[in-house]
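# Okay, sequence plus prediction incoming.
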Amino acid sequence: MTNKVFKWTFWTVLVAVLAIYPKLFGIYYTNLFVTFAVFAIFSVSFNLLLGYTGLLSFGHAMFFGVGGYGTALALKHIRGLALLPAVLIGLVSAMVLALILCPLVVRVSGTAFSMLHLAFGQLMHMLAYKLRSITGGEDGIGGFPIPSFGIPGVISIDMRAPENFYYFAIIILGISLWMMWFFTKTPFGQVQVGVRDNANRIGYLGFKVTQTKAVVYVVAGAFAGVAGSIYALFQNLISSGALDIFTSFTPVTMTMVGGIGSFLGPVLGAAIIQVMEELTTRFTEQVELVVGLILILVILFIPMGFMGLIRLLRQKWTVHSARTANPGRTS
Amino acid sequence: MNPTTAMYVAQGMHGLAYGMILFLVASGLNIIFGMMGILNLAHASFFMLSAYFSYQFLSMTGNFWMALLLAPVATAFFGILLERFLLRKIHVLGHMGELIITVGVSMVILAGVKIFWGTESLPLKIPPLLMGLVSIAGLDYPVYRLFIIALSLLVLAIMALLLYKTRLGKIVRAAVSDADMVNALGINMPLVFMIVFGVGTWLAGVAGVAIAPILLVFPGLADQMGMDAFVVVVTGGFGSLSGALIVSIIFGLLSSYGVQFISQFAPLLMFIFMAIVLAIKPTGFFGERE
């Protein structure tokens, strides 16, 4: 009962804080929060592969970038396209890419999977970089129209105002997060964890391992596409940089720092990395140095990430308090 | 020799030179992977680090040969530090941790290079002996590229002798097939791992010094070479040296003829080749494991 009350209070407070956030912190931090939210979703979609299915991808940026390019190109070339369909086009284009790749990549696992993605990611980056007539190369596509959100004739909200865009981005990303969470809680999500832990046994139980991986792969790609699409709208720009190797390593870093084992780990990781980057850029330009060092230190000392650390501490604390409460029972 | 043939031969030689450099980098990567199961994503960063070291030694001593000798050794020293103090500690966590920690190391090396040497391209002067052109059957060809081919062949010969004629080589070959068993036979495997890691990064170092005068020394050096080397290892098959050699030379030729005929899409040829090979045989040309 108290648990339920606690839950409702938590959600109400969270929604209230998110709602008044732009009023409290101003434009700069509002934009920072949107960036954080985009990368949090990107990392959670990456973690669907790494944490839930045990597939480490070094090319997740290709879905992010393709989602962004899908939205940007659609808005640039289709006149009068509404906002939600544009995001949907981003999602679908990333999904199509995942569908094209999945017959090839789901057959392998382990290091080969990582390397194959490194190569495909690089291939996509190269394509975006070279096909200047379509993608604009390094300069990218910028200045495409950002449509207003609304129901025709009823209401129209201008999305060029950062505050309005903040609400739009938060809602879309929140829905994505909820959908991914729901996805992992379905029976299918359990099969997915089974594939990670022991693929052979899941095969003997009569589930289709390869097909399971393929579905997860497509879902992870689609949500990375949503993140990329929102990112392109937010920046009003998408360039080949969104497909490069550093964008691919971003979710790896965030997920490792936050913790692979849990759903919200990557969100925490994204927050930590974002704050660290924000702090370091004030003192030095060497963001890579700081991120690299964090990565090394996290793997050396807290391999389960911060979420794992929290869990460990809580476990110790609860065991300790249980012991003091009724001595004689140890567990 | 008529101009068309001359072009074909010259491009072929260019491709061979690049292929041999690629092989030096990829073979180091491959030996480390074959033995320790670690795919060292910082390998190309060591390659770049060595190029910077050679620039530093050259500007300090003014002697290219000195730089060629010292820079790879200094690079290997850093490689050994990485193995001893980072990789060995997290070996129990499995491959994921090792892969990701090498990503962290490559970021740190990149940042370090930018701090010490800045971001602009640094030129490297080659000794007068290697400058100029040499005429082979009426075709003028830069001496330095021939030197690269010769150097790589020399290193390849040394490696082959080490691997097939010495006790250490025998241990390494045994460890590639089963490291645990070799360890159980009473051989100090951690030490062997350290040596192999050192040799692997040394190979990358030699390649870094050799390529520095052609490409200039800049922070982006690692990206291109690293990507190419990974593709070579994946396509040739993990842990297979002959596969790496053949694929390196194929890629060298592909890239040089590609630049000649379809310059804009030359970098794509390699990936297309890899995709075709992997679609047919997921373990790569000569690989037996994934």
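That came through fine.

# what about residue 274, how many neighbours?
I went with chain A, as the question did not name one. Residues near residue A:274, counting by other Cβ atoms under 10 Å in any protein chain shown, number 18. (Glycine included, C-beta is placed from N, CA and C.)

# Chain B, not that one
Residue B:274: 24 surrounding residues under other Cβ under 10 Å.

# do the one 4 residues further on as well
Number of residues near residue B:278 (other Cβ under 10 Å) recorded here: 22.

# Which helix or which strand is home to it?
Using DSSP states H and E, residue B:278 falls within helix B:266-280.

# ok, that helix near chain A or not?
Yes: under the criterion of Cβ under 8 Å from any Cβ of the partner chain, chain A is reached by helix B:266-280 at B:267, B:268, B:271, B:274, B:275, B:278, B:279.

# Can you select the buried ones from those residues in ChimeraX?
Buried residues within the residues of helix B:266-280 next to chain A, by 16 or more other Cβ atoms under 10 Å in any protein chain shown, are selected in ChimeraX with:
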select /B:267,271,274,275,278
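
# sorry, back to before: got the contact list for the helix holding residue B:278?
With contacts defined as Cβ atoms under 8 Å, 6 or more residues apart in numbering or on different chains, helix B:266-280 is touched by A:104, A:116, A:119-120, A:122-123, A:126-127, A:130, B:228, B:231, B:234-235, B:250-251, B:254-255, B:258-259, B:262, B:284-285.

# Please list only the buried members of those.
The buried subset of those (16+ other Cβ under 10 Å) comprises A:116, A:119-120, A:122-123, A:126-127, A:130, B:228, B:231, B:234-235, B:250-251, B:254-255, B:258-259, B:284-285.

# Mind listing what's buried along stretch B:159-167?
So, applying 16+ other Cβ under 10 Å, buried residues of stretch B:159-167: B:159, B:163.

# for chain A, what are the nearby residues on the stretch 101-250 of chain B?
Counting by Cβ under 8 Å from any Cβ, the stretch 101-250 of chain B sits next to chain A at B:101, B:103-108, B:110-112, B:114-115, B:223, B:227, B:230-231, B:233-234, B:238.

# one more time with 6 Å, if that's ok
Residues of the stretch 101-250 of chain B found near chain A (Cβ under 6 Å from any Cβ of the partner chain) are B:101, B:103, B:104, B:107, B:108, B:110, B:111, B:227, B:230, B:231, B:234.

# ok so, going back, of the buried ones among the contacts of helix B:266-280, which belong to helices?
A:116, A:119-120, A:122-123, A:126-127, A:130, B:228, B:231, B:234-235, B:250-251, B:254-255, B:258-259 (DSSP state H).

# Give me the helices and strands touching the worst-scoring helix or strand of chain B on mean pLDDT, please.
Here the helix or strand of chain B ranked lowest by mean pLDDT, DSSP states H and E is strand B:133-136, holding a mean of 74. For strand B:133-136, the elements it packs on are strand B:139-142, judged by 3 or more Cβ pairs under 6 Å, 6 or more residues apart in numbering or on different chains; DSSP states H and E.

# what's next to the strand it packs on, contact-wise?
B:1, B:6, B:9, B:133, B:134 (Cβ atoms under 6 Å, 6 or more residues apart in numbering or on different chains).

# OK, contacts around residue A:69?
Residue A:69 neighbours (Cβ under 6 Å, 6+ apart): residue A:238.

# Okay then, goodbye and thanks.
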